[in-house]
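Chemist: Everything below, folded, please.
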Amino acid sequence: MTAMSASVVLARHPDRLLPAEPGVRAIARRLYDSVRDLPILSPHGHVDASLLADDSPFPDPAALLVTPDHYVTRLLHASGVPLHDLGVGRGRLPDEESRTVWRRVCAHWQVFRGTPVRYWLEAELAEVFGVEERPSAKNADAIYDQIAACLTRDTHRPRALFDRFGIEVLATTDDPCDDLAAHARLAADPTFAGRVLPAFRPDRYLEAARCGWAAAVARLGEVAGVDTGSYGGWVRAMERRRAYFIEHGATSTDHSHDDVGTEPLAAAEAERLYRAALTGDVTQAEGVALRRHMLLEMGRMSCDDGLVMMLHPAVRRGHHGPTLAVHGPDTGHDIPVRVEFTDALRPLLERFGTHTNLRLVLFTLDETTYSRELAPLAGFYPSVYLGAPWWFLDAPDAVLRFRAAVTETAGFTRTAGFVDDARGFCSIPVRHDMSRRLDSGFLARLVAEHRLDEDEAFEIVADLVASRPREVFRL
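Modeler: Predicted structure coming up:
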């Protein structure tokens, strides 16, 4: 008996995530079948555009499925596996070390039970690489070899998988100083039919009290061709880089700060604080005040240039300083905190909330805000849309809680469709499929309870998959 044959078969039930009650499940199945094969619109994620521009083979199973994905590594770290032993932040690993990383994942497979990570990984293994056995310490090497063999084939190169996954639009997340060369190469390549769009992520250029801010702003001015020695130059540099991103296909900006405060400063005070920040002579509170003022300016810029403004606040990034120092950011120790939207966004919404050119998409990691703040905001302001649950909340039960909390106040049309926020390329189709199944199940319950007609449910589920993201994110 081989190691593979001794293992347990992966459970991939065709009705996974659909409601358990037979009558409701039948409705959900019909709804899901109507959208399961629609193209993927991914308006926010973290896949590097050079992956598709270069179209080089993926190096190995661990580099593809483990080391870049903090969803995977954080739970293993919590279970006693050091991030170093998972290859985090170490670049390309020799084959034997990569194999050892994979062995550690398989030996700890039980820590993923009940999590969306388990759901995504199993779907990737089964649907992308044809793995039929549940990973374990016994079959780790056999599964590694099976995936590695797939990665040598043209069918599993990035562009081939992009087409196989049915991705129509993929948005990346990019620094304002990025030259977007990879995006330009893809746009000019007649052999590539997909759309890969940059997204403007200016966070570090707005945090004036943080170490390195002055140097970053100087670089921003250099790239934009603007003197950033004054507050006005800072604003003009941002406007020019936004315009550059738009020329390269961007439709959105992406902002993630500790809060979403947008309180304005008087012109003289903004100038004073900005010049003080350039010399490092600002307090933390003054830096926050300047950032909040500039976030308000970003709203004004979106009204002018049409870039959709995404806000996903309230994460304590780099929660564990020693890990941050060794492994860098985005390595699994960013932790959610409470957030307030109603008063924080009021200055921006007072000015621009009814502006016809503004699209403001609000995300949160704080579920307590769904029905109390977010749904009422989206239920009044024509510029405000609710982003899908993401990160810690991009899980089956959390997605259903979101729908239950916001639908009665904001309906479906005030939501923005699904956002996968993916770092692992092969998880993109799995995450979108999960969303389609969950929305089909939620709608099926409304139909079964005679709160919605079935023909309306078919319209809604198609709208959530295709029309909402296309309209809201201007795709």
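
Chemist: And the helices in the stretch 51-200 of the chain, which stretches?
Modeler: 61-65, 70-78, 95-107, 116-129, 140-151, 158-164, 181-188 (DSSP state H, counting those that start in this stretch).

Chemist: Where does pLDDT dip in the stretch 351-475 of the chain?
Modeler: Low-confidence segments of the stretch 351-475 of the chain, defined by pLDDT under 70: none present.

Chemist: how about the strands of it, start to end?
Modeler: Here the stretch 351-475 of the chain has its strands, by DSSP state E, counting those that start in this stretch, at 360-362, 384-386.

Chemist: helices and strands around the first one, which ones?
Modeler: Under the contact criterion of 3 or more Cβ pairs under 8 Å, 6 or more residues apart in numbering; DSSP states H and E, strand 360-362 touches strand 308-311, strand 384-386. Glycine gets a C-beta too; all of them are placed from N, C-alpha and C.

Chemist: Tell me which of the ones you listed sits nearest to residue 36.
Modeler: Closest to residue 36 of the helices and strands packed on strand 360-362, according to Cβ to Cβ: strand 384-386, at 23.7 Å.

Chemist: hmm, back to that, among the helices of the stretch 51-200 of the chain, which comes closest to residue 434?
Modeler: helix 116-129 (6.7 Å).

Chemist: Packing partners of that closest one?
Modeler: Applying 3+ Cβ pairs under 8 Å, 6+ apart, we find helix 116-129 packed against helix 70-78, helix 140-151, helix 428-448.

Chemist: for stretch 169-179, the distance to its chain's centre please.
Modeler: Counting by Cα atoms, centre = their mean, to the nearest Å, stretch 169-179 is centred 13 Å from the centre of its parent chain.

Chemist: Show me what counts as buried in that stretch.
Modeler: Neighbour counts using 16 or more other Cβ atoms under 10 Å place 169-178 of stretch 169-179 among the buried residues.

Chemist: Now it - C-alpha only, PDB.
Modeler: Below are the C-alpha coordinates for stretch 169-179, written out as PDB (Å, rounded to 0.1, in the frame of the first residue of the first chain):
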ATOM      1  CA  VAL A 169     -10.300  41.600 -14.500                       C
ATOM      2  CA  LEU A 170      -7.600  41.400 -11.800                       C
ATOM      3  CA  ALA A 171      -6.700  44.500  -9.800                       C
ATOM      4  CA  THR A 172      -3.400  44.700  -8.000                       C
ATOM      5  CA  THR A 173      -2.200  46.900  -5.100                       C
ATOM      6  CA  ASP A 174       0.600  49.300  -5.900                       C
ATOM      7  CA  ASP A 175       2.800  52.000  -4.400                       C
ATOM      8  CA  PRO A 176       2.300  55.500  -5.900                       C
ATOM      9  CA  CYS A 177       6.000  55.600  -6.900                       C
ATOM     10  CA  ASP A 178       5.700  52.300  -8.900                       C
ATOM     11  CA  ASP A 179       6.500  52.800 -12.600                       C
END
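
Chemist: pLDDT (mean, whole number) over that stretch?
Modeler: Averaging pLDDT along stretch 169-179 gives 98.
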